[in-house]
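J.: Kindly return the folded structure for what I paste below:
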Amino acid sequence: MTRMAVFFVAAACTGGAPAPPTHERYVLTRELVPTTATEARAFGIDLDGDAVPDNQLGDVLSSVRALFAMNFQALADTNQATQQIELVWPGETGDAEFMLDASEPLTLPTEHPPYLSVPGILTLQSSVLGSPLALELRHARVRIRERTETGLTGSIGGGLTNEQVSSQLLPAFVALVDGVVKRDCAPAIADCNCALGSAGADWLYALDATHDCAITLDEVIASRTVEKLLAPDVRADGIDLLSFATDFVADR
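T.: Model (predicted):
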């Protein structure tokens, strides 16, 4: 069972006797996957300082959903890990700090909602492709949209290196698509026997370069379309990164 802890530690206040920080505990109940390009932009967070929300992977997921009838939200809901959140909010004015598991804390100014952190590195357990993947987000930022007596909502975004894309995302994607092909197709001699108009047939048409009724990691890596869709779209700290952002819902 995966646990995610989020800690907000208040910065010191000056003068007088400041009110103590509040300790609030939540359970992260949903990772929200964008279903349209509009939602991908809404979930996105500006990672490179150009005032444009970044979420290339989210945009790709929304497009794949539309083209191949892939329900990424159902995958995320089915495989959602139990993630514990602790929020320590400043008793008065001042910055907070955000920490995800053992990540270095991110400073979170609390003057004006929605609260947006400074960049750092976070490891996010994401289930958008099925089984949770530990995605190390570079130049990561956190946005807290709403904090109430019953819950917490916000976004977590950051960048993925080319190595992470090739070693984590693509193998998980191939395993997911392979399941779709096996569901929709029953290969026989010289025929993949896919159900007419099925997602499995569409995936074979798009990615089965060897025409053997199967999709391999090598075929996906060699695909110019996949290469273009998952190419880095932001550069931060001298590293080219593929941006990804997801909304989350947490309940008390």
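J.: So for Glu104, what's the pLDDT?
T.: Note on Glu104: pLDDT of 75.
J.: for the stretch 1-150 of the chain, what spans make up the helices?
T.: Assigned by DSSP state H, counting those that start in this stretch, the stretch 1-150 of the chain shows helices spanning 37-43, 56-68, 72-78.
J.: how about the strands in the stretch 151-252 of the chain?
T.: 151-160, 234-236, 239-251 (DSSP state E, counting those that start in this stretch).
J.: list the helices and strands the last one packs on?
T.: Yep, that's strand 239-251 we're talking about. Contacts defined by 3 or more C-beta pairs under 8 Å, 6 or more residues apart in numbering; DSSP states H and E place strand 239-251 against strand 22-32, helix 37-43, helix 56-68, strand 120-126, strand 133-147, strand 151-160, strand 234-236. The way it works is simple: take the backbone N, C-alpha and C, and place the C-beta from them, glycine included.
J.: now swap in the second one and tell me
T.: Counting contacts by 3+ C-beta pairs under 8 Å, 6+ apart, strand 234-236 is packed against strand 133-147, strand 239-251.
J.: The last one: how far from the chain's middle?
T.: Centroid displacement of strand 239-251 relative to its chain, using C-alpha atoms, centre = their mean, to the nearest Å, is 4 Å.
J.: cool, the first one as well?
T.: On the basis of C-alpha atoms, centre = their mean, strand 133-147 is displaced by 8 Å from the centre of the chain it belongs to.
J.: buried sites along it?
T.: For strand 133-147, the neighbour count (16 or more other C-beta atoms under 10 Å) marks 133, 135-144, 147 as buried.
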